[in-house]
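Enquirer: any chance you could fold what I've pasted below:
(chains A and B)
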Number of protein chains: 2
Amino acid sequence: MEAENLLSRFHALKQKNLKLDMSRGKPSRAQLDLVSDILTALTDMDDCIVNGTDCRNYGELAGLSCAREYWADVLGCKPSQTFVGGNASLNLMHDVISRGYTHGLKDSPRPWCKEEKIKFLCPAPGYDRHFRITESFGFELIAVPMTPNGPDMDIVEELVKDETVKGIWCVPKFSNPQGYSYSDETVDRFANLKPAAPDFVIMWDNAYCVHEFDGEFQPFREIISLCEQAGRPNMVYEFASTSKITFPGAGISVLASSEENIAYWLKLAGVQTISYDKVNQLRHVRYLVDKEHTLDLMKKHAEIMGPKFEMVLKMLRAELTNRGIAHWHHPQGGYFVCVAAMPGTAKRTLQLCKELGVVLTPAGATYPYGVDPEDSMIRIAPSLPPIEELEQAMEVFCVSLKLAALEKYLGKTLDTNA
Amino acid sequence: MEAENLLSRFHALKQKNLKLDMSRGKPSRAQLDLVSDILTALTDMDDCIVNGTDCRNYGELAGLSCAREYWADVLGCKPSQTFVGGNASLNLMHDVISRGYTHGLKDSPRPWCKEEKIKFLCPAPGYDRHFRITESFGFELIAVPMTPNGPDMDIVEELVKDETVKGIWCVPKFSNPQGYSYSDETVDRFANLKPAAPDFVIMWDNAYCVHEFDGEFQPFREIISLCEQAGRPNMVYEFASTSKITFPGAGISVLASSEENIAYWLKLAGVQTISYDKVNQLRHVRYLVDKEHTLDLMKKHAEIMGPKFEMVLKMLRAELTNRGIAHWHHPQGGYFVCVAAMPGTAKRTLQLCKELGVVLTPAGATYPYGVDPEDSMIRIAPSLPPIEELEQAMEVFCVSLKLAALEKYLGKTLDTNA
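Expert: Residues are numbered from 1 along each chain as shown, chains lettered A, B, ... in the order given. Okay, the predicted model is just below:
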């Protein structure tokens, strides 16, 4: 009965010839339009000069003062602890790893390319683009299980005793993909880590620092001062960007760390460039003003994002609750919902979705090397499609997941072409 | 007599308490104002979508199609041979060297960090920021003498027989700092180089490709197709930017090379970022339109730059001609005039300038490791100061150079405090 019912829904959905994409956390057209006044935030040439600095010309490697102040306000650190980058914080993260490899970080005994072996910790599921950076440099990726409180810190504390372990990737608030925020205890344990490697680096990607879509802004502990208090000020590099505040392709980014790290960074960055785009920095400061004003804007993003997440969660509840075939966390911010399907059914679920014209993030993508050992985690990115499409896509997803689970239970593949 | 006369001029200049900066090729305020309509070249959100691509969102790693077409038009190559970057071509150059070091270039037997020794050719005098990149990665810098036709190709052809020589820095048109343009024969010999290293790279920084300030646009041979014809299509990476066309701090840049190199580059760049700022790319295409329109704009820059260079050259002629203490080339484009002072007098000249409040590019900066073996070359950057200041600065320069030459002749230091 269940099989027939599911197959008939599957065929009905197939008739619709859908072509929907939920593979990436891309903001929607409505969100881009929402912030497009930034295009006219800086149009007068006389406005390009702030405190004697002409943002149009060369110079100011660390970024415009007002842009450094903006980020310090948002992140809760000092302006002197910031370095303002271009349109992608990913690029800054890549460059930190790349500099570790080519020159060494501030406290490195030698450049990482001179080490025989480098290991890097990857809380999983996590962000595939993080993992790919460290994979690209040939590091061994070590998966660390995620818990609702963040990475399993017992395991992290154990692993960092190995001096070939040089760092860890973190998305501390509304983690990608599960939407967990690290608990205060987890953050504390991070700040108090005593890694064997003197140049161990916490890659603290605060991508969703102001990205609540459900409820009020949730303050979050400031990692740089905590590391300083714990006596290892140079252990953390924090990252953020306006990619999901203004334009994904044309925002500004920041690297924040101890003043000592910033000074070291400036020496290396000064070989690479003269400065990042300061006109865009000023445009952003004029448009976003400060943290408070940014939070007001994020409420408007939430008005677009919130209903999409509600739809996803409503469909998941209606179709999958209490069946023992899937569970998920209800996030209050970030860009994803992560569904843990029955082990061994994620790939098959996505294959069935694809047959129905719905593309999701590939199974395994959220694990190091793209391999989910349980074949269970599926990342849903609801931001891009309009809500009507989302409803259809979620029906496709739920039917596919249930079919995959049924197949698992029956121990055989059902003929979906029948 | 000469000494008394010079010292009296020196003291008169000292009374003026000047504070002038000619150290860097920074465009002037007038040039920035000239192009500030670019701030309003893209203000309507509906204009952000070109051929179905929303420049505000993620994607299009190689750059917007129209931006690739723009650069292909300017450089004379194919759009498929371009990769559009952020606000600094220097950053792209750095990243090519960095990728060679960490991953190897397309035809590298292994990453350069795994080589025992890397040498890099530096036509000198040249651009200090080029040399610094390769120095930063620990390569041995080999100076190659510059001639009015470009680097001495007899020497280059000899040096590239050494397989540890992995590349050469070039500013082929209006070279920094002398303003020489490579002759057709030089360009041909570059394209036909047969280096021992399979991954030898010509870093072809076409920084001043449309930057005539005196006379008509001078067409220049297109290196990518020449290398292709010569059977080594992957040997050259060409670079350019709008830093001195629109805003120095907020332009767009390009890397151009064989399609094979671009494909390889995209694989590596895809680990580093999702795309560069496409809103700024579109803003530039809307504002600059094409090569022809860009050349019209460069005529307007020339109206500002031309008189400054005339002033510099007039002062040099009036003060220094036929004295056997200095010679220089009269450039027709680019950003610099390079004065070859009597050997052993460049540092002293700049020291005297500094005493009079005029800062120039440090002596030696245009040589590998910042050391001019002849202590002769002095780079003058006339673009930033207004013309009245420039006249004063040039008087300071000429008096200082003559005093330094006189001291050399007399074999003793004159007391400039007397």
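Enquirer: what does the stretch 151-300 of chain A put close to chain B?
Expert: A:243, A:247-250, A:268, A:271-280 (CB under 8 Å from any CB of the partner chain). No exception for glycine: its C-beta is placed from N, CA and C like everyone else's.
Enquirer: let's go with 7 Å and repeat that
Expert: A:247-250, A:271-280 (CB under 7 Å from any CB of the partner chain).
Enquirer: narrow those residues to those in helices?
Expert: A:271, A:272, A:278, A:279, A:280 (DSSP state H).
Enquirer: excluding sequence neighbours, find me the nearest residue to the first one.
Expert: To tie it back to what came earlier, the one meant is residue A:271. In space, and not counting its chain neighbours, residue A:271 is closest to residue B:136: 4.6 Å by CB to CB, 6 or more residues apart in numbering or on different chains.
Enquirer: tell me how far residue A:290 lies from residue A:63.
Expert: 16 Å (CB to CB, to the nearest Å).
Enquirer: those two: which is more packed in?
Expert: Of the pair residue A:290 and residue A:63, residue A:63 is the one with more neighbours under other CB atoms under 10 Å in any protein chain shown, namely 25 against 12.
Enquirer: quick check: the more buried one vs chain B, distance?
Expert: Going from residue A:63 to chain B by CB to the nearest CB, to the nearest Å gives 11 Å.
Enquirer: same thing with residue A:109?
Expert: Counting by CB to the nearest CB, the gap from residue A:109 to chain B is 16 Å.
Enquirer: those helices in the stretch 51-200 of chain A, which residues are they?
Expert: Listed in chain order, the helices of the stretch 51-200 of chain A (DSSP state H, counting those that start in this stretch) span A:65-75, A:89-102, A:128-136, A:153-159, A:184-191.
Enquirer: only alpha carbons, please: show the second one as CSV.
Expert: What follows is helix A:89-102 as a C-alpha-only set of coordinates in CSV (Å, rounded to 0.1, in the frame of the first residue of the first chain):
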residue,chain,number,x,y,z
SER,A,89,35.6,35.9,2.9
LEU,A,90,36.3,32.5,1.3
ASN,A,91,39.2,34.2,-0.5
LEU,A,92,40.6,35.5,2.8
MET,A,93,40.3,32.0,4.3
HIS,A,94,42.0,30.5,1.3
ASP,A,95,44.8,33.0,1.6
VAL,A,96,45.4,32.3,5.3
ILE,A,97,45.8,28.6,4.5
SER,A,98,47.9,29.4,1.5
ARG,A,99,50.1,31.7,3.5
GLY,A,100,50.5,29.1,6.2
TYR,A,101,51.6,26.8,3.4
THR,A,102,54.0,29.1,1.6
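Enquirer: okay, angle between that helix and helix B:89-102 too, please.
Expert: Put simply, helix A:89-102 runs at 50 degrees to helix B:89-102, going by axes from the mean of the first three to the mean of the last three CA atoms, to 10 degrees.
Enquirer: which strands and helices lie in contact with helix A:89-102?
Expert: For helix A:89-102, the elements it packs on are helix A:128-136, strand A:201-205, strand A:236-241, strand A:253-256, helix B:89-102, helix B:259-272, judged by 3 or more CB pairs under 7 Å, 6 or more residues apart in numbering or on different chains; DSSP states H and E.
Enquirer: model confidence score at the residue of the stretch 301-418 of chain A found nearest chain B, please.
Expert: Across the stretch 301-418 of chain A, the shortest distance to chain B (CB to the nearest CB) belongs to residue A:384, at 8.8 Å. The confidence metric pLDDT takes the value 93 at residue A:384.
Enquirer: wait, it touches residue A:26, no?
Expert: Yes - the pair residue A:384 / residue A:26 is scored as a contact, 4.5 Å apart, by CB atoms under 7 Å.
Enquirer: tell me the centre residue of chain A?
Expert: Geometric centre of chain A, nearest residue: residue A:176, 4.7 Å, by CA atoms, centre = their mean.
Enquirer: and the pLDDT at that one?
Expert: You'll see residue A:176 listed with a pLDDT of 95.
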